[in-house]
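>>> no sequence for this one, just the structure:
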């Protein structure tokens with residue numbers, strides 16, 4: 001009985017929850033966009049150079065400690 005009850009219950013819960021996941025229609029569209037803002041001064045790499053340098057230093061340290 002348990003071998004049948006568990007899959008039937010799981011299937012029932014699956015179909016019960018998927019019926020509530022229907023897509024919504026388009027809304028009012030929201031406010032109109034204003035003039036574009038000036039871009040902020042952010043580094044292009046976003047810190048990737050620091051991550052690369054840290055990885056190189058860590059790798060160099062690991063190779064150096066193995067010898």
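On my side now, so go ahead. Note that the structure is predicted; figures quoted are calculated from it, not measured.
>>> find the least confident helix or strand in this protein, judged by mean pLDDT.
Ranked by mean pLDDT, DSSP states H and E, the weakest helix or strand in the chain is helix 2-18, scoring a mean of 84.
>>> which strands and helices lie in contact with that helix?
Contacts defined by 3 or more Cβ pairs under 8 Å, 6 or more residues apart in numbering; DSSP states H and E place helix 2-18 against no helix or strand at all. Glycine gets a C-beta too; all of them are placed from N, C-alpha and C.
>>> give me the number of residues near residue 4?
The tally of other residues near residue 4 (other Cβ atoms under 10 Å) stands at 8.
>>> what residues does it make contact with?
Neighbouring residues of residue 4 by Cβ atoms under 8 Å, 6 or more residues apart in numbering: there are none.
>>> returning to what we had before: what's the first helix or strand after the least confident helix or strand of the chain?
Next helix or strand after helix 2-18 toward the C-terminus (DSSP states H and E): helix 48-66.
>>> how far off centre is that next one?
Chain-centre distance of helix 48-66: 27 Å, with Cα atoms, centre = their mean, to the nearest Å.
>>> do the same with stretch 32-42
25 Å.
>>> give the rounded mean pLDDT of that stretch.
Stretch 32-42 shows a mean pLDDT of 74.
>>> swap in stretch 48-62?
91.
>>> what comes up buried for that stretch?
Neighbour-count burial for stretch 48-62, counted by 16 or more other Cβ atoms under 10 Å, picks out no residue.
>>> number of nearby residues for residue 5?
9.
>>> which residues touch it?
So residue 5 contacts nothing (Cβ under 8 Å, 6+ apart).
>>> could you measure from it over to residue 15?
Per Cβ to Cβ, to the nearest Å, residue 5 is found 16 Å from residue 15.
>>> just the pLDDT at the residue at the greatest distance from the centre of the chain, thanks.
Going by Cα atoms, centre = their mean, the residue of the chain most distant from its centre is residue 1, 41.1 Å out. According to the prediction, residue 1 has pLDDT 74.
>>> and if you look at residue 22?
On the pLDDT scale, residue 22 gets 64.
>>> residue 66 now?
For residue 66, the pLDDT comes out at 81.
>>> this completes my enquiry, with thanks.
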